[in-house]
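> Sequence first, predicted model second:
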Amino acid sequence: MEALDYHAEERRKAEFNLDEMKIVWAGSRRNYELSDRVARLVASDPVFRKDNRTMLTRKDLFKDTLRKAAHAWKRIIDLRLSEEEANMLRSYVDQPAFTDLHWGMFIPAIKGQGTSEQHEKWLPMAYKMQIIGCYAQTELGHGSNVQGLETTATFDPQTDEFDLHSPTLTSSKWWPGGLGKVSTHAVVYARLITGGQDHGVHGFIVQLRGLDDHLPLPGITVGDIGMKFGSGAYNSMDNGLLRFDHVRIPRNQMLMRVSQVTREGKFVQSDVPRQLVYGTMVYVRQTIVSDASCALARAVCIATRYSAVRRQFGSQNGGPEIQVIDYKTQQSRLFPLLASAYAFRFVGEWLKWLYTDVTQRLQANDFSTLPEAHACTAGLKSMTTSVTADAIEECRKLCGGHGYLSNSGLPELFAVYIPTCTYEGDNVVLLLQVARFLMKTVSQLGSGKKPVGTTAYMGRAEHLMQCRCEVEMAQDWLKPSTILEAFEARAVRMSIACAKSLGKFSNPEDGFAELSPDLVEVAIAHCQLIVVSKFLEKLQQDIPGKGVKRQLEILCNVYALHLLHKHLGDFVATGCITPNQGALANEQLRLLYAQVRPNAIALVDAFNYTDHYLGSILGCYDGNVYQKLYQEAWKDPLNDTVVPDGYLEYLRPILKQHIRTARL
Ligand SMILES: CC/C=C\C/C=C\C/C=C\C/C=C\C=C\C(=O)SCCNC(=O)CCNC(=O)[C@H](O)C(C)(C)COP(=O)(O)OP(=O)(O)OC[C@H]1O[C@@H](n2cnc3c(N)ncnc32)[C@H](O)[C@@H]1OP(=O)(O)O
Ligand SMILES: Cc1cc2nc3c(=O)[nH]c(=O)nc-3n(C[C@H](O)[C@H](O)[C@H](O)COP(=O)(O)OP(=O)(O)OC[C@H]3O[C@@H](n4cnc5c(N)ncnc54)[C@H](O)[C@@H]3O)c2cc1C
């Protein structure tokens, strides 16, 4: 018997080859096959069930997380999964856990900041999970300002050890994931002190708990920091607190790639830039951009499928009502988010390439592209996560009342996702880093130093400052060079205007602080330009499959023109376009939405998400929403009994009070 599919008609409307689009989304046929296989493996395993987790108490949720992590590890070993497959498996399990930090930060920190001897000693144990580690940087009193950390690591030449100490309450480590209840080790960031001199913040490998009894080692106070936002959600993670009372570690546990301390206690700064101490954050920020496209795609998939099932108003002669996806307002809210998911996917792919490139250069002691890698990872992490967090909430609203039900999957996705705007660098703090980089680039424009990479367009500032947009008709906005020039002109004009305003301050730091809201806008304009330009570059590639490239062109135009519409004030105020050209862009945008419409369901099918991973009744593949909502309601614990617990104690006395009153 053929399976019921409420979206069958929608799927028939698609004007492109879905299988080929799935490959474009996955990045390659190989990636597609790997991720499809791993996603199904997870979805079919009852241990990875997650439909009940919002009902669990914190303790039960945490134990469930430990059980899933142990089971995942067993599957990884039994099936001899590669590191890439293992990462995929953990991400499809879709439950924040200590393993994210062990594999995502502890190991990368040792790899990036440790020496080859330190790699040999620590990495084999970490890879086998004989030790489990976390990344302990943030403190109660300082997170964004890493240079302000207070924990000290004082070298004692008598014993060849460091003495780790938390001198104040605010120096307590606070937030590290996996620290609270699980990690046996941590990479701890502390101020290095030798011979009474402070050499700034460095990383140290510190054992926290006994490997036999899991008890904290002497001098260590460690625990969980408490419940976080939402039910279920990030509460599966044991974000922790940690204090040191003169804990001793051997000298060779300082991560010594960037700087060294000799046996005599001499501090040696190698020719590697000190910013490499921040390298793990750069790595993770890069992964967060790709993850943003996944989270956004997930929310958009739910909202799109539901919008095709949901009908409201407009029934004619007793016929069906209108699918809400056919309302232009629904399309103008939903389709830019669909386009953004694809845009973030491609910029994430490019950022991965950039990161790999900078890593190879660093190994060869070429540090020239580090500032750009920092600016790109910081800016794109900030921009994509802010958009995605807002988009998840917008998708909830696009699903009307049912979007607020836990089983729509959207509330939990929102609760898990929003801290991404804060961790790995607060999004505003990161945009200010991008702004610094841009202001520095502008200040060097006259010096003969040619801007390269993502700021190369600034080298054409003279042209971009006075060029005029040539759009006369709505369809002129479909020309890639017209779009690109408008975004470049806007970014460069905003940058130069800010640089000029900064020049009016006698103290540049005062100016930077005063103008910081404008500088944030400049950084956003630059990041949006990067995303638009990388989408356009993607379209230069050979993309096989009937209609696939055409759909991507439509999505790219939607992405760019919706930004232009949203930030029309910037484009017009800087004289990049006229108000009339802005109106023409909006007209073209409406035409593009009509072209997306018949392909919308297939475009979200291309994400290839299993129903397990989506975790949403509204987004399920077959679209059988109402029956599933109805069945699911009866599974709620409140429906275990017809009359609720508490009726006799609390309800009945109120309901019966009129009898007593009447008797009085
Ligand atoms: C399988 C799973 C895979 C992956 C996922 C794994 C994990 C993720 C999952 C969940 C996440 C959960 C955990 C989250 C963890 C954390 O949050 S860890 C803590 C993160 N903390 C931060 O991000 C702190 C943010 N603050 C900073 O980064 C810095 O302090 C700063 C804001 C950049 C300021 O630093 P500083 O004061 O030293 O710098 P400035 O004086 O402003 O700049 C000096 C020059 O240095 C350059 N710079 C700064 N940072 C970097 C860098 N990272 N790389 C390169 N260069 C850098 C800066 O541009 C200045 O340059 P100059 O102008 O040329 O002098
Ligand atoms: C779920 C979660 C997991 C985490 N996991 C880890 C972990 O594993 N390891 C770890 O070490 N840390 C972790 N953190 C900590 C995280 O990295 C920090 O919270 C983050 O870097 C932000 O720092 P903060 O909390 O000090 O924010 P603050 O800097 O105090 O920010 C507060 C406000 O001040 C503003 N602000 C701050 N500085 C400036 C400035 N210079 N200019 C303008 N505005 C400014 C910010 O924009 C924000 O609005 C985690 C945090 C969360 C929420």
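It's in. Residues are numbered from 1 along each chain as shown. Ligands and ions are numbered 1, 2, ... in the order given.

> Show me which residues of the stretch 351-500 of the chain sit near ligand 2.
Pro419, Thr422, Tyr423, Gly425, Asp426, Val428, Val429, Leu432 (CB under 6 Å from any ligand atom). Any C-beta I mention is one placed from the backbone N, CA and C, and that applies to glycine too.

> so the fifth one touches Ser144, yeah?
When you say that, I think you mean Asp426. Yes - the pair Asp426 and Ser144 qualifies as a contact (CB atoms under 8 Å) at a distance of 5.4 Å.

> ok, Gln312 - contacts?
By CB atoms under 8 Å, 6 or more residues apart in numbering, the contact list for Gln312 reads Glu321, Ile322, Val324.

> now do Met21
Counted by CB under 8 Å, 6+ apart, Met21 has contacts Gly545, Val548, Gln551, Ala602, Leu603, Ala606.

> With Asn87 instead?
Trp103.

> Look through this structure and state the residue closest to ligand 1.
In the chain, the residue that lies nearest ligand 1 is Gly104 (2.2 Å; CB to the nearest ligand atom).

> That residue - that's part of a strand, no?
No - going by DSSP: H, G, I helix; E, B strand; the rest coil, the assignment for Gly104 is helix, not a strand.

> Helix or strand: which one has Val187?
strand 185-194 (DSSP states H and E).

> On the C-terminal side of the longest helix along the chain, identify the next helix or strand.
Counting residues, the longest helix found in the chain (DSSP state H) is helix 328-363. Counting by DSSP H and E, the next helix or strand C-terminal to helix 328-363 is helix 370-398.

> Just the buried positions in that following helix, please.
Residues of helix 370-398 classed as buried: 370-389, 391-396, 398 (neighbour count, 16 or more other CB atoms under 10 Å).

> coming back round to it: run a quick neighbour tally on the residue of the chain closest to ligand 1.
The number of residues packed near Gly104 is 20, by other CB atoms under 10 Å.

> And Asp36, by the same measure?
Residues near Asp36, counting by other CB under 10 Å: 15.

> Work out for me the element it sits within.
Short version, using DSSP H and E: Asp36 is in helix 29-43.

> Check which residues of the following helix or strand past that helix are buried.
Counting by DSSP H and E, the element after helix 29-43 in chain order, helix or strand, is helix 58-78. For helix 58-78, burial by neighbour count (16+ other CB under 10 Å) applies to Arg58, Leu61, Phe62, Asp64, Thr65, Lys68, Ala69, Ala72, Arg75, Ile76.

> Is helix 58-78 in proximity to ligand 1?
No - judged by CB under 6 Å from any ligand atom, helix 58-78 and ligand 1 are separated, with a smallest distance of 11.5 Å.

> Which residues does that helix contact?
Looking at helix 58-78 with CB under 8 Å, 6+ apart, the contacting residues turn out to be 41, 45, 47-48, 53, 56, 81, 85-86, 89-90, 93, 95-99, 129, 181-182, 227, 232, 235-238.

> Just the ones of the residues you listed in strands?
Residues of the contacts of helix 58-78 located in strands (DSSP state E): none.

> Now, of those residues, which are buried?
41, 45, 48, 53, 56, 81, 85-86, 89-90, 93, 95-99, 129, 181-182, 232, 235-238.

> For ligand 2, give me its nearest residue in the stretch 51-200 of the chain.
Counting by CB to the nearest ligand atom, the stretch 51-200 of the chain gets nearest to ligand 2 through Gly143 (2.3 Å).

> if I pick that residue, what's in contact with it?
Applying CB under 8 Å, 6+ apart, the residues contacting Gly143 are Trp175, Asp426.

> Quick one: name the residues of the stretch 351-500 of the chain near ligand 1.
Counting by CB under 6 Å from any ligand atom, the stretch 351-500 of the chain sits next to ligand 1 at Leu370, Pro371, His374, Tyr423, Glu424, Gly425, Val429, Gln433, Arg436.

> Surely the residue of the chain closest to ligand 1 is in contact with Val284?
Yes - between Gly104 and Val284 there is a contact at 6.2 Å, judged by CB under 8 Å.

> circling back: in strands only, show me the contacts of Gln312.
Filtering the contacts of Gln312 for strands - DSSP E - leaves Ile322.

> Separate out the buried members of the contacts of Gln312.
Using 16+ other CB under 10 Å, the buried members of the contacts of Gln312 are Val324.
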